[in-house]
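# This is a predicted model, with the sequence first.
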Amino acid sequence: MAKLNQILAIEKNKKTQLHNQISSLDKALQRASLVTGHHKKFEPKTEDGETFPDDKQIVQYRYVEGIEQVCEYMRELMDVVATKDFANAHAKADVVVGGTALIKDVPVPYLLFLEKELRDLHTFVGRIAELDPAENWSMDDNTGLYRSEPVKTHKTKKMQRPIVKYEATENHPAQTEMITEDVVIGYWTTTRFSGAIPKPKKKELLARIAKLEEAVKFAREQANSVEAEHMRVGETLLNYVFQT
């Protein structure tokens, strides 16, 4: 009696091999040239007339033999899949994390579902934007957002003013020129808000998901170690169809 994990290991290749063999027979039995033949014998009109060798085309496939071969392949395929599926019905295990069973007696199909969903969840959490580490953040209970410390910056405006290039003398008037300069006209106080995730929190969540993923995989391996009774159902089903 094999274990379920051994059946699972061979199932995919076995199914591919058998399906290919069935497909090959299917194509062959559709071709009239492979299921028909002839034997042509030439008789000269006179005894000394020209003769020709017999012309033969041998039948390469008979439908009876084709059905027998397909039945042989399908019988094996049906038995392999039945052995797996019937064993799966009894294959169960607990999902245990830190010594606590989060769910008990979980069937293999659901464990496989959980593995995929947890992989997707791990990817989802891993892609969430993180808080900018260059800021000091604190939780704002009023908004539910993270709030940075206020930063004060000045606001400038370009303004023109005259400057004296040369002072006035007895012989020449003063020479002036307009220049442009940035003048502080006020101050901005900026507070940033964010709905991103803190890096330590992301790390914690990913670790918990990874731990649960590991527990689910372990449960699947444990469930798949159940003994699989070899099922023989193909012959019964195919006998019903083809037996005369």
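Arrived safely, thanks for sending.

# Most remote residue from the middle of this structure, which is it?
Glu170 (91.9 Å; CA atoms, centre = their mean).

# pLDDT value on that residue, please?
Confidence at Glu170, expressed as pLDDT, is 78.

# Quickly find the element holding the residue nearest to Ala219 when sequence neighbours are not counted.
Sequence neighbours aside, Ala93 is the residue nearest to Ala219 in space, at 4.1 Å (criterion: CB to CB, 6 or more residues apart in numbering). Backbone N, C-alpha and C define where each C-beta goes, glycine included. Under the criterion of DSSP states H and E, Ala93 resides in strand 92-97.

# and what of Ala207?
Assigned by DSSP H and E, Ala207 falls in helix 199-223.

# Report the distance from that helix to the chain centre.
18 Å (CA atoms, centre = their mean, to the nearest Å).

# And for stretch 221-238?
The answer for stretch 221-238 is 28 Å, by CA atoms, centre = their mean.

# Averaged pLDDT, it. What do you get?
Mean predicted confidence for stretch 221-238 is 81.

# Make residue 1 into 10 and carry on from there
New numbering, starting at 10: the last item is stretch 230-247.

# Could you give me the buried positions within that stretch?
Buried residues in stretch 230-247, counted by 16 or more other CB atoms under 10 Å: Gln231, Ala232, Asn233, Val235, Ala237, Met240, Gly243, Leu247.

# Can you tell me which of these is closest to Pro62?
Leu247 (43.5 Å; CB to CB).

# nearest spatial neighbour of the closest one, skipping sequence neighbours?
Using CB to CB, 6+ apart and skipping the chain neighbours, the partner closest in space to Leu247 is Cys80 (4.8 Å).

# Domain-wise, how is this structure divided?
As assigned by automatic domain parsing, the chain contains the domains 11-140+217-251, 159-199.

# mind putting these in TSV, distance to Ser147 included?
Output for the domains of the chain, formatted as TSV (distance: least, CB to CB, whole Å):
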stretch	distance to Ser147
domain 11-140+217-251	11
domain 159-199	12
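
# low-confidence ranges in this protein?
Across the chain, the ranges flagged by pLDDT under 70 are 10-11, 253.

# What pairs with the strand holding Ala102, parallel or antiparallel?
strand 109-116 (antiparallel) (DSSP bridges).

# CA-only coordinates of the partner strand, as PDB, when you get a sec.
The C-alpha trace of strand 109-116 is given here as PDB (Å, rounded to 0.1, in the frame of the first residue of the first chain):
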ATOM      1  CA  THR A 109      -1.500  25.700  19.200                       C
ATOM      2  CA  ALA A 110      -3.800  24.100  16.600                       C
ATOM      3  CA  LEU A 111      -5.300  27.100  14.700                       C
ATOM      4  CA  ILE A 112      -7.600  24.700  12.700                       C
ATOM      5  CA  LYS A 113      -8.100  21.000  13.200                       C
ATOM      6  CA  ASP A 114      -8.600  18.100  10.800                       C
ATOM      7  CA  VAL A 115      -8.000  20.200   7.600                       C
ATOM      8  CA  PRO A 116      -8.500  18.300   4.300                       C
END
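
# Excluding sequence neighbours, find me the nearest residue to Met168.
Counting by CB to CB, 6+ apart, the residue nearest Met168 is Val192, at 4.7 Å.

# hang on, that neighbour in a strand?
Yes - residue assignment for Val192, taken from DSSP: H, G, I helix; E, B strand; the rest coil, places it within a strand.

# and the next helix-or-strand element following the helix holding Ala216, which strands flank it?
Note on helix 208-232: by DSSP H and E, the next helix or strand toward the C-terminus is strand 236-237. Here strand 236-237 has these sheet partners by DSSP bridges: strand 11-12 (antiparallel).

# Going by neighbour count, which residues in the following helix or strand past the partner strand are buried?
The C-terminal neighbour of strand 11-12 among helices and strands, as given by DSSP H and E, is helix 13-39. Across helix 13-39, burial judged by 16+ other CB under 10 Å covers Leu13, Asn14, Ile16, Leu27, Gln30, Ile31, Leu34, Leu38.
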